[in-house]
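>>> Sequence first, predicted coordinates after that:
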Amino acid sequence: MPTSRLYPVRPFLAASFAVFREGRVLLGSRAAPPNDTLYSIPGGVVETGETLEEAALRELFEETGVRARSLGFTGWSQFIERDEADKVRRHFVVASFAGLWISGEGEPSDELPSLRWMNLDQARELKLTNGLLPILHKGLEIIGTQA
């Protein structure tokens, strides 16, 4: 039975993936609040027995139909949401990776109903999840040295 992600007893570990294709990154907005108005990279909770990198690539494929080759770790971020009584409502620690596109055009899903391939200048015009730009810049650095 899935564990509720609301009011957790400890943070959830998640992984995300910035996939680059011809200088553009795939960004999406979540279907459910609180991040339904923000754009970010695909990602989700790490499953038992998965490495962080495996989880990031799995989530990328499940949410978008895109396959990628991972080239490296781009950093971590945290999402902590508190309720009116200052109790922790949600807490995620997210490890992010970046790499190059292999296949798939990026099909919207129940979790990411809006997807866009865009360059970083275009991405800066959107409302992004907190801490995403440094992760995208690091991803560009990594693919630039290994592409």
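Cool, got the structure.
>>> quick one: low-confidence ranges for the protein?
In the predicted model of the chain, residues 1-3, 146-147 satisfy pLDDT under 70.
>>> Report the buried residues of the longest helix along it.
When the chain is parsed with DSSP state H, its longest helix is helix 132-146. By neighbour count on 16 or more other Cβ atoms under 10 Å, the buried set for helix 132-146 is L132, I135, L136, K138, G139, L140, I142, I143. Where you see a C-beta, it was placed from the backbone N, CA and C, and this is true even at glycine.
>>> next one: stretch 40-58
40-46, 50, 52-53, 55-58.
>>> ok, now stretch 67-79?
Buried residues in stretch 67-79, counted by 16+ other Cβ under 10 Å: A68, S70, L71, F73, T74, S77, F79.
>>> Please verify my assumption that the fifth one contacts A98.
Yes - taking Cβ atoms under 8 Å as the definition, T74 is a contact partner of A98 at 4.8 Å.
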